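Student: Predicted model and sequence below, questions to follow.
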Amino acid sequence: MKQRDLFLIGNTTDELGGVTAWTHQMARLFTAQGHRVHVLGVHEAELKMPLPDDLGYPVTPLYPHHPRSPRRLGGLRGLNLAERRREAVRIADKKRAVAKLSGILADARPGSVVIATQVWPMEWLREVDTSRLRVVGMSHESFAYSRACHRYHWIKRHYPHVDRWLALTQEDADIWIHEGLDNVGHMPNALAHLPAVPSPRTEKVVASIGRLADQKGVDMLLDTWAKVAPWRPDWELRIHGAGADEPQLRAQCTELGLNASVRWMGRTSDVPGVLAGSSVFVQSSRGEGFPLALMEAMASAVPCAAFDCAPGVREIVRDGEDGLLAPVGDIDALADRLLRLTGNPRLRDDMGERARVNVQRFSQEHVLDLWEELFELLER
């Protein structure tokens with residue numbers, strides 16, 4: 001196996017969230033394979049993920065904070081001096097960031113690969129000379145979620161120029177090909193951890209893990225739990241995560257009369273421990289990519305109830321076999337799935353054990369083999 005320089009560049013290097021977790025997971029795996037890895041981000045995050053002091057590879061943000069957005073000035077007429085100065089500062093900051101990125105990539109050995117883990121960093125990467133490198137673009141969300149926001153246009157603008165761009169599933173790759181992109185493939189996320197001992201599923205606990213942000217649909221989860229809690233007074237919903245929406249969500253919880261059965265656990269760095277103390281996992285997201293938390297729950301033999309919000313979700317969960325899916329946004333349907341799992345120990349055990357076996361098709365070894373095949377293909 002050829003050893004390469006691999007550069008993983010995303011929005012941030014340390015933001016609390018799934019893409020950051022994936023980035024450092026893959027950086028560790030690539031490093032263990034003998035590759036020389038460098039993790040980069042556009043900026044440092046405000047809501048940070050706990051990371052070890054010695055990661056074993058360098059980590060570099062291009063900015064110490066979120067960079068200014070470009071001003072749509074439309075010419076100089078009517079432009080005030082303060083706006084001119086702000087735009088001049090932004091342009092100077094960007095030139096320094098591009099120079100910093102260029103300097104890092106200039107030392108890359110032949111056969112090196114840059115992996116843009118998200119599309120925003122392409123704004124800087126396309127100003128750098130990458131002629132000696134191979135560039136891979138990625139999206140960690142579904143086509144539908146990208147299509148509903150500005151990232152769809154960013155992908156259409158930037159990713160036709162990369163050597164390969166990767167969706168998370170073949171289903172989404174096919175849609176992007178239909179959109180006119182001819183360099184599309186797919187790459188699943190890797191299962192981060194297979195606990196030696198699965199959850200005993202003895203605690204009457206339903207776990208949710210994720211940022212407290214609109215995408216994760218915790219507001220819909222609370223509405224769902226309001227339908228479940230009266231029928232399961234001895235069960236508890238534990239919400240693990242942090243985010244800007246926490247005050248509103250806590251207020252909603254109080255308004256729904258759920259304070260006795262919902263616990264706000266904050267962020268966690270011990271996902272296996274959380275899952276070992278849970279019997280059911282719930283995911284209420286409006287949009288996802290290929291969710292790591294869902295795979296980790298299944299690896300712990302914790303059966304899942306989730307909104308079928310993306311191809312990646314139904315790629316991971318085989319509905320009715322190793323978990324239960326509900327139509328996106330259908331709170332009554334998600335409540336029904338939770339009532340079935342919390343009310344039937346045999347169903348929980350059967351689905352949990354099948355989930356632990358089935359999810360191993362996304363093992364780290366298998367996904368690393370897929371990456372090595374891609375690297376070799378890019379050199380031909």
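Tutor: Nice, I can see it. Numbering: from 1, shown residues only.
Student: Shouldn't Trp120 be within a strand?
Tutor: No - per DSSP: H, G, I helix; E, B strand; the rest coil, Trp120 lies outside any strand segment and is coil.
Student: how about the residue lying closest to it once chain neighbours are set aside, phi and psi?
Tutor: Closest residue to Trp120 apart from its sequence neighbours, by C-beta to C-beta, 6 or more residues apart in numbering: Asn11 at 5.4 Å. Bear in mind the C-beta positions are built from the backbone N, C-alpha and C, glycine included. Phi and psi for Asn11, reported as degrees, to the nearest 10, are phi -60, psi -40.
Student: how many neighbours does Asn11 have?
Tutor: 19 (other C-beta atoms under 10 Å).
Student: And for Ala92?
Tutor: Ala92 has 10 nearby residues by other C-beta under 10 Å.
Student: That one: which element?
Tutor: helix 81-106 (DSSP states H and E).
Student: for that helix, packing partners?
Tutor: Contacts defined by 3 or more C-beta pairs under 8 Å, 6 or more residues apart in numbering; DSSP states H and E place helix 81-106 against strand 5-12, strand 36-43, strand 59-63, helix 122-125.
Student: Just say which of the ones you listed is most tucked in.
Tutor: Among the helices and strands packed on helix 81-106, strand 5-12 has the highest mean neighbour count (mean count of other C-beta atoms under 10 Å), at a mean of 24.
Student: any idea how far Ala229 lies from Leu339?
Tutor: 10 Å (C-beta to C-beta, to the nearest Å).
Student: Tabulate the CA atom coordinates of stretch 113-124 in PDB.
Tutor: Output of stretch 113-124 as PDB, limited to C-alpha atoms (Å, rounded to 0.1, in the frame of the first residue of the first chain):
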ATOM      1  CA  VAL A 113      -4.900  13.900  -2.000                       C
ATOM      2  CA  VAL A 114      -7.000  16.800  -0.600                       C
ATOM      3  CA  ILE A 115     -10.300  15.800   0.800                       C
ATOM      4  CA  ALA A 116     -12.800  18.600   1.100                       C
ATOM      5  CA  THR A 117     -15.100  17.200   3.700                       C
ATOM      6  CA  GLN A 118     -17.600  20.000   3.100                       C
ATOM      7  CA  VAL A 119     -18.200  22.200   0.200                       C
ATOM      8  CA  TRP A 120     -17.500  25.700   1.800                       C
ATOM      9  CA  PRO A 121     -13.700  25.200   2.000                       C
ATOM     10  CA  MET A 122     -13.700  25.000  -1.800                       C
ATOM     11  CA  GLU A 123     -13.900  28.800  -1.900                       C
ATOM     12  CA  TRP A 124     -10.300  28.900  -0.600                       C
END
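Student: Please enumerate residues in contact with it?
Tutor: 4-11, 19, 22-23, 40-42, 62, 94, 97-98, 101, 105, 125, 130, 133-140, 151, 154-155, 158-159, 162, 375, 378 (C-beta atoms under 8 Å, 6 or more residues apart in numbering).
Student: hang on, the earlier thing: which of the residues in the helix holding Ala92 are buried?
Tutor: Neighbour-count burial for helix 81-106 flags 94, 97-98, 100-101, 104-105 (criterion: 16 or more other C-beta atoms under 10 Å).
Student: What is the subsequent helix or strand relative to it?
Tutor: Following helix 81-106 in sequence, per DSSP H and E, is strand 113-116.
Student: Mind listing the strands that next one pairs with, and their directions?
Tutor: strand 5-12 (parallel), strand 134-138 (parallel) (DSSP bridges).
Student: List of residues touching the last one?
Tutor: Meaning strand 134-138. 111-119, 122, 125, 155, 158-159, 161-166, 187, 374-375, 378-379.
Student: List buried members of those by neighbour count.
Tutor: 111-119, 122, 125, 155, 158-159, 162-166, 187, 374-375, 378.
Student: any chance of the helices and strands packed on helix 81-106 in a markdown table, with mean pLDDT too?
Tutor: Output for those, formatted as a markdown table (pLDDT from 0 to 100):
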| stretch | mean pLDDT |
| --- | --- |
| strand 5-12 | 97 |
| strand 36-43 | 97 |
| strand 59-63 | 96 |
| helix 122-125 | 97 |
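Student: Can you say which of those is nearest to Ala333?
Tutor: Smallest distance to Ala333 across the helices and strands packed on helix 81-106 (C-beta to C-beta): 33.0 Å, for strand 5-12.
Student: Mind listing residues that contact the closest one?
Tutor: Strand 5-12 has contacts (C-beta under 8 Å, 6+ apart) with 19-20, 23, 26-27, 30, 35-45, 61, 101, 104-105, 108-109, 111-118, 120-121, 125.
Student: ok now it, how far from the chain's centre?
Tutor: Chain-centre distance of strand 5-12: 15 Å, with C-alpha atoms, centre = their mean, to the nearest Å.
Student: in stretch 248-255, what counts as buried?
Tutor: For stretch 248-255, using 16+ other C-beta under 10 Å, the buried residues are 249-250, 252-253.
Student: mind giving me the domain split of this structure?
Tutor: When the chain is parsed with automatic domain parsing, its domains come out as 5-190+363-379, 205-362.
Student: out of the ones you listed, deepest packed?
Tutor: Greatest burial across the domains of the chain, using mean count of other C-beta under 10 Å, falls to domain 205-362, with a mean of 20.
Student: what distance separates the start and the end of that domain?
Tutor: 26 Å (C-alpha to C-alpha, to the nearest Å).
Student: Please apply the same query to stretch 265-275.
Tutor: Start-to-end, stretch 265-275 (C-alpha to C-alpha) is 13 Å.
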